[in-house]
Structures are given as structure tokens and as C-alpha cells.
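Asker: A structural model of the following input is requested.
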Amino acid sequence: MATFHIIIVSLFATGMASNYCDYQLERLQTAKRNLHHNCTLKTTTVKTCCDVNDLYSCNAPSGIYQLKCWCGERWNRANVYCDTTSGDGGWIVIQRRKDGSVNFDRSIDDYEKGFGNLDGEFWYGLRAIHCLTYTGEWRSWELRIDFEFQNRTKSYMHYSYFQLGPPGTYYVYLGKLLGITPTDPIRTGGHNYRSFTTYDRDNDRYSGCCATRYGRLRGNGGWWYNKCWHINPNLKFGPSQFGFLYLAGRWYNPRWIEMKIRPRNCQPLTLI
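Answerer: Predicted structure coming up:
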């Protein structure tokens with residue numbers, strides 16, 4: 001009789017445990033459904049990538065969003081890739097290299113319009129970057145350059161101010177370096193205040209043209225050259241005889257690199 005009682009108690013306890021597990025599983029599933037519901041996107045239109053986190057009730061993912069901005073004396077809409085995680089997020093990615101799938105040895109016309117794929121390698125376009133940082137609503141922007149070395153370690157350069165000048169020169173102006181790199185290749189290479197150069201628009205201080213220094217189609221790409229570069233993320237990508245990042249007396253060819261901009265004191269802004 002005692003044995004039978006023990007069996008009954010054990011079965012009851014097992015049933016209670018099973019019910020408890022079912023209850024906990026249901027709670028987890030409900031929480032998961034609620035999380036998915038709370039993370040749904042309210043709108044796909046932003047005025048800067050600073051707005052993206054405000055569109056979700058949880059952390060917003062990096063990805064492609066539609067930008068609505070006042071530029072060129074009218075409202076414009078265009079897709080942008082927003083980085084929501086690096087340095088507290090809010091970044092509009094304007095350049096990315098990661099696999100060499102896109103040719104960056106292009107004309108000034110291509111660099112003005114932009115090229116590539118926002119999900120992969122691309123250059124966003126000088127006209128759009130100028131419009132955002134020079135004639136748009138927000139005149140005070142900052143720049144961040146993230147990169148990953150061949151050994152998978154990561155670093156970045158963060159500049160306190162960024163502005164791109166008008167067509168014809170598209171000169172670049174950068175503020176103080178805030179990043180963690182040991183030296184500033186922009187300033188040591190004389191790139192600050194320089195105009196943009198391509199193989200068909202020579203604005204550099206080299207006796208020839210930095211974009212064709214090693215021969216046309218060798219992949220120098222367009223850049224704010226001086227005589228010629230200490231940094232140029234638009235070089236032909238991958239291991240080569242040309243390094244595109246000079247830090248502390250050594251040349252590097254990072255395996256991944258992104259350039260991105262955002263308004264200083266990045267804050268969500270109300271859409272009009």
C-alpha cells in the first residue's frame with residue numbers, strides 16, 4: 001500500500017512539474033511574441049539615421065532606411081544604410097569595402113552620382129554627401145571610419161567635424177581626431193582641405209595624377225589626394241603591393257572598412 005502511495009505521489013509530482021514547464025514555456029513564447037510586436041517598425045522614413053532608434057521600442061537593427069531631408073532647396077527622399085550600433089549609432093554609411101566585388105577606379109561622374117549596392121560595397125555619392133553636410137538642415141556633421149585588420153582586430157578613426165565642399169572641388173574639411181588609432185593618417189598624409197581627384201579630374205598636388213600614379217586601371221580610385229596618400233579606402237581592394245592605410249610607420253590593407261557620417265549631438269528629429 002505504501003509503495004502504491006509513493007507511485008501516486010510521484011506521478012502527481014511529475015504532472016505538476018510537467019504543468020509548470022508547460023506554463024514557463026507558454027510565458028517564454030508569449031514574451032517572444034510581445035518582443036516581436038514591440039520591435040515592429042513604425043515608419044521606414046527618417047530625417048537622419050539618428051531617428052532610427054526612435055522608430056522602435058527596442059534596439060533598432062542596422063540596415064537600409066528611407067531618408068527624407070531638406071537639400072538643394074527642396075525635400076529629397078533616398079535610401080541610406082544606417083549603422084545603429086557603432087559609437088551609439090545614428091550613422092549614415094557613405095562608403096564600404098569588404099570583398100572587392102565593386103570597381104572603385106571610376107570617373108568623377110560616377111563618384112558624384114554614387115555606385116555599388118547599399119547591402120555590399122558602395123560609394124554613396126559626392127553630390128549627396130555635399131548636400132547633406134554643406135547645404136542641408138544640419139551644417140555640423142562628424143565622420144567615423146571603422147576598419148578591421150587582417151588578424152580580425154578592429155579600430156576606428158572618429159573626427160569631430162566633417163564637411164564636403166561644392167562641386168568642382170568637393171574639398172574635405174575634418175575636425176579633431178577622436179578615434180583610437182595611434183596616428184592620424186588624414187593629417188600626416190595632408191588630406192585635410194584637399195579637393196577630390198579621379199583619373200579624369202586631377203585636383204591633387206602630385207606632379208602627375210594620384211588616381212593614375214601606377215597606371216590607369218591599377219585601381220587607385222577617387223580620393224582627396226595630396227602627394228599622394230596615407231589613407232585611401234577606395235584603392236583596389238585586397239592584398240596588393242599598395243597599402244591604403246598608413247599608421248605609425250607601417251602600411252596596412254584592412255579586410256573591411258566603412259566610412260560613415262552623422263549630425264553632431266545626434267538627436268531624433270520630428271518629421272515634417
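Asker: hey, where'd the strands end up in the stretch 1-150 of the chain?
Answerer: Secondary structure of the stretch 1-150 of the chain, counting by DSSP state E, counting those that start in this stretch: strands at 45-46, 63-71, 74-83, 91-97, 115-116, 122-123, 141-148.
Asker: got those as JSON lines, with mean neighbour count, distance to Asn234 and mean pLDDT columns?
Answerer: C-beta: built from backbone N, CA, C; applies to glycine. Converted to JSON lines, these look like this (neighbours: other C-beta atoms under 10 Å; distance: least, C-beta to C-beta, whole Å; pLDDT from 0 to 100):
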{"stretch": "strand 45-46", "mean neighbour count": "18", "distance to Asn234": "27", "mean pLDDT": "68"}
{"stretch": "strand 63-71", "mean neighbour count": "18", "distance to Asn234": "22", "mean pLDDT": "80"}
{"stretch": "strand 74-83", "mean neighbour count": "16", "distance to Asn234": "17", "mean pLDDT": "85"}
{"stretch": "strand 91-97", "mean neighbour count": "25", "distance to Asn234": "7", "mean pLDDT": "96"}
{"stretch": "strand 115-116", "mean neighbour count": "17", "distance to Asn234": "11", "mean pLDDT": "98"}
{"stretch": "strand 122-123", "mean neighbour count": "22", "distance to Asn234": "7", "mean pLDDT": "98"}
{"stretch": "strand 141-148", "mean neighbour count": "22", "distance to Asn234": "12", "mean pLDDT": "94"}
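Asker: quick one, which of these is nearest to Gly249?
Answerer: Smallest distance to Gly249 across the strands of the stretch 1-150 of the chain (C-beta to C-beta): 17.6 Å, for strand 141-148.
Asker: report the strands that pair with that closest one, each with its relative direction.
Answerer: Sheet pairing of strand 141-148 (DSSP bridges) gives strand 154-164 (antiparallel), strand 256-263 (antiparallel).
Asker: need the mean per-residue confidence for the longest one.
Answerer: What it means is strand 154-164. When pLDDT is averaged over strand 154-164, the result is 93.
Asker: what sits up against it?
Answerer: 86-87, 126, 129-130, 133-134, 139-149, 170-181, 184-186, 261, 264 (C-beta atoms under 8 Å, 6 or more residues apart in numbering).
Asker: now with 6 Å?
Answerer: With contact meaning C-beta atoms under 6 Å, 6 or more residues apart in numbering, strand 154-164 is reached by 129-130, 133-134, 141-146, 148, 170, 172-181, 261.
Asker: start and end of stretch 127-145, how far apart?
Answerer: The first residue of stretch 127-145 is 20 Å away from its last residue (C-alpha to C-alpha, to the nearest Å).
Asker: that stretch: which residues count as buried?
Answerer: For stretch 127-145, burial by neighbour count (16 or more other C-beta atoms under 10 Å) applies to 127-134, 136, 138, 141-145.
Asker: can you check stretch 162-182 too?
Answerer: 162-165, 170-172, 174-175, 177, 181.
Asker: what's Ile145 in contact with, if anything?
Answerer: Going by C-beta under 6 Å, 6+ apart, the list of residues near Ile145 reads 157, 259.
Asker: now swap in His130 and tell me
Answerer: Neighbour list for His130: Leu164 [criterion: C-beta under 6 Å, 6+ apart].
Asker: now do it, the pLDDT please.
Answerer: For His130, the pLDDT comes out at 91.
Asker: sounds good, over and out.
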